[in-house]
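*Asks:* the following block contains a protein sequence and its predicted model.
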Amino acid sequence: MENLKLINQLMSRNILPWSSLLVIVVIEAMLCVDYHERRWDIERVKNPPLPGNAGEGLVIHANGLGYYAWLRSLLVDYDWDFDNEFDEHNPHEDYVPPRSYRTPLGRRANQWSVGPACLWGLTVVPGHFVVKASGGTPTSWVADGYSLPYQLLVGGSSLLIAFLGLGFVYGLCRTQARPARGALATMLLTLGTTIVYYNAIEISLPHDMGTALLGGFVWYWLTSYGSLRGRRWFFLGIWLGTAALVRWQLASFIILPIGETLLTWRHRALSESGYSWRRSVMLATFACFGAVVAFLPQLLAWLMERASGWQFRLLTGVGFTLVFYNLLLVLQYAYGRIPQDEGLGPHALLTSTWQFIRSEFATCILLGEVLGLLWLLLVWGPRTPREHFAGQQF
């Protein structure tokens, strides 16, 4: 009986929610430190480092080489030619684009997004100048972008962003449940899925950042649901564009504001709130403008690397025109393959669409989004999410 009283007191005083979130933070931090400490010991035995150059490959490896190369090449080499990043700083011989993969400017192609480099740059850039200023002694770290201080800065930045994402996930759960249940749901979503792996182990990949940004996008969309203010739709575009900047596949979550718009039209809210088709076009314009602003770093990166930000070629050899940007082709590129050397013509579009449909993983994602939209239409009815869950306890 006393135990039940204690549990009720913890739940009523909001101690459990914050302690649950703290447990997640501690678990992820301990996993991260333990994994990389063991990795450090193994690397020092297998590949004894040169003085001042220890740590290379500790955090930044696998696909993280490509994501980080955008930042390191510009910061250290003052260019975006990735030959040395891929050939000279790949101690584990992870996959990188072959030397034959060249942009129209003759530079080594980088198939990964620039978004993670933008976020890492907030700590790596000032850290680089500190390492550079402290150089000149035999025991100082090499300011080459890959020594231990850089590895720790990248890992620390990813951890901080993951912890921020934890707050967004909790905020999202709180829209559906009371604090204690929301915290437990957050713990289940984080520790019961692969999120914990990417938050604590593979911290040079963008999955933890994608989780944080997508959680922020969904939280903002849900808590401001139904608002017709242009500022709200502009920030929706900012959120989604930033998430897509980190992981292009996350652009598929545009289905959420699209579903909201369809629901608004279905329930005849336009005549009551002055929401006409002109209003919908204006709000869509605000959202698109916000998304383009957030995605601008990637467009500039393609422009400087490939000499054109409007017509660029991916490693499959397919030409894309951003004026006619097609979400289906982006998803297909992520989960399938497009025939070599085919342009954006009718035959290529039909062929790539067919290959996209044949891709089991992509089909499951598309089917899940369609079913989710149908669930919204059938379950929510004329009410907003906040109205639907009002008064319900979980």
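*Replies:* Sure thing, it's come through. Numbering: from 1, shown residues only.
*Asks:* all helices of the stretch 101-250 of the chain, in order?
*Replies:* With DSSP state H, counting those that start in this stretch as the criterion, the stretch 101-250 of the chain has helices at 115-133, 148-174, 179-191, 195-200, 207-223, 230-246.
*Asks:* in TSV: these, plus mean pLDDT.
*Replies:* As requested, the helices of the stretch 101-250 of the chain are exported to TSV (pLDDT from 0 to 100):
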stretch	mean pLDDT
helix 115-133	92
helix 148-174	92
helix 179-191	86
helix 195-200	90
helix 207-223	92
helix 230-246	94
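*Asks:* make TSV from the ones you listed and add mean neighbour count and distance to residue 71 to it.
*Replies:* C-beta: built from backbone N, CA, C; applies to glycine. As requested, the helices of the stretch 101-250 of the chain are exported to TSV (neighbours: other CB atoms under 10 Å; distance: least, CB to CB, whole Å):
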stretch	mean neighbour count	distance to residue 71
helix 115-133	19	4
helix 148-174	21	9
helix 179-191	19	27
helix 195-200	21	19
helix 207-223	23	13
helix 230-246	23	13
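*Asks:* which one of these lies closest to residue 283?
*Replies:* Comparison of those against residue 283 by CB to CB identifies helix 230-246 as nearest, at 4.4 Å.
*Asks:* quick one, the closest one and helix 115-133 angle?
*Replies:* Between the axes of helix 230-246 and helix 115-133, defined by axes from the mean of the first three to the mean of the last three CA atoms, to 10 degrees, the angle is 70 degrees.
*Asks:* ok so, going back, out of the helices of the stretch 101-250 of the chain, nearest to residue 41?
*Replies:* Ranking the helices of the stretch 101-250 of the chain by their distance to residue 41 (criterion: CB to CB) puts helix 148-174 first, at 13.7 Å.
*Asks:* how close does the nearest residue to residue 164 once chain neighbours are set aside sit to residue 197?
*Replies:* Nearest in space to residue 164, with sequence neighbours left out and distances taken as CB to CB, 6 or more residues apart in numbering, is residue 212 at 5.4 Å. Distance, residue 212 to residue 197, by CB to CB, to the nearest Å: 15 Å.
*Asks:* could you do residue 31 as well?
*Replies:* 9 Å.
*Asks:* now render the helices of the stretch 101-250 of the chain as a markdown table, adding distance to residue 38.
*Replies:* Compiled in a markdown table, the helices of the stretch 101-250 of the chain are given as follows (distance: least, CB to CB, whole Å):
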| stretch | distance to residue 38 |
| --- | --- |
| helix 115-133 | 23 |
| helix 148-174 | 14 |
| helix 179-191 | 21 |
| helix 195-200 | 13 |
| helix 207-223 | 20 |
| helix 230-246 | 28 |
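*Asks:* relative to residue 224, how far out is residue 178?
*Replies:* Here the criterion is CB to CB. By it, residue 178 lies 21 Å from residue 224.
*Asks:* what residue ranges in this structure score low on pLDDT?
*Replies:* When residues are selected by pLDDT under 70, those of the chain lie in 1-14, 44-53, 136-140, 266-275, 306-394.
*Asks:* longest helix anywhere in it?
*Replies:* Ranked by residue count, the top helix of the chain under DSSP state H comes out as helix 15-46.
*Asks:* list the buried residues in stretch 86-106.
*Replies:* 86, 89-90, 96-97, 101, 103 (16 or more other CB atoms under 10 Å).
*Asks:* circling back to that earlier point, spit out the contact partners of the residue nearest to residue 164.
*Replies:* Residue 212 sits next to 161-162, 164-166, 168 when contact means CB atoms under 8 Å, 6 or more residues apart in numbering.
*Asks:* any idea how far it lies from residue 239?
*Replies:* Residue 212 is 11 Å from residue 239, by CB to CB.
*Asks:* what's the answer for residue 303, then?
*Replies:* Between residue 303 and residue 239 the distance is 24 Å, computed by CB to CB.
*Asks:* same question, residue 300
*Replies:* From residue 300 to residue 239 the distance is 20 Å (CB to CB).
*Asks:* so residue 60, which state does it fall into?
*Replies:* Each residue gets one of three states, and residue 60 gets coil by DSSP: H, G, I helix; E, B strand; the rest coil.
*Asks:* so residue 29 makes contact with residue 160?
*Replies:* No - at 10.7 Å, residue 29 does not count as touching residue 160 under the criterion of CB atoms under 8 Å.
*Asks:* pretty sure residue 146 is touching residue 72, no?
*Replies:* Yes - in this structure, residue 146 is within contact of residue 72 by CB under 8 Å, at 7.2 Å.
*Asks:* about what we covered before: between the helices of the stretch 101-250 of the chain, which one is nearest to residue 17?
*Replies:* Ranking the helices of the stretch 101-250 of the chain by proximity to residue 17 (CB to CB) places helix 179-191 first, at 3.7 Å.
*Asks:* from residue 199, how far off is the residue lying closest to residue 24 once chain neighbours are set aside?
*Replies:* Using CB to CB, 6+ apart and skipping the chain neighbours, the partner closest in space to residue 24 is residue 190 (5.4 Å). Remark: distance between residue 190 and residue 199 (CB to CB) = 7 Å.
*Asks:* shared neighbours of those two, anything?
*Replies:* With CB under 8 Å, 6+ apart as the test, residue 190 and residue 199 both reach residue 28.
*Asks:* okay, stretch 144-159 in PDB with CA atoms only?
*Replies:* Extracted C-alpha coordinates of stretch 144-159, given in PDB (Å, rounded to 0.1, in the frame of the first residue of the first chain):
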ATOM      1  CA  ASP A 144      43.900  18.700 -39.700                       C
ATOM      2  CA  GLY A 145      40.200  18.200 -39.000                       C
ATOM      3  CA  TYR A 146      40.500  14.600 -38.000                       C
ATOM      4  CA  SER A 147      42.500  14.500 -34.700                       C
ATOM      5  CA  LEU A 148      40.900  13.700 -31.400                       C
ATOM      6  CA  PRO A 149      39.500  17.200 -30.600                       C
ATOM      7  CA  TYR A 150      37.600  17.200 -33.900                       C
ATOM      8  CA  GLN A 151      36.200  13.700 -33.200                       C
ATOM      9  CA  LEU A 152      35.100  14.800 -29.700                       C
ATOM     10  CA  LEU A 153      33.500  18.000 -31.100                       C
ATOM     11  CA  VAL A 154      31.500  16.100 -33.700                       C
ATOM     12  CA  GLY A 155      30.400  13.400 -31.200                       C
ATOM     13  CA  GLY A 156      29.500  16.000 -28.500                       C
ATOM     14  CA  SER A 157      27.500  18.000 -31.000                       C
ATOM     15  CA  SER A 158      25.600  15.000 -32.100                       C
ATOM     16  CA  LEU A 159      24.800  14.000 -28.500                       C
END
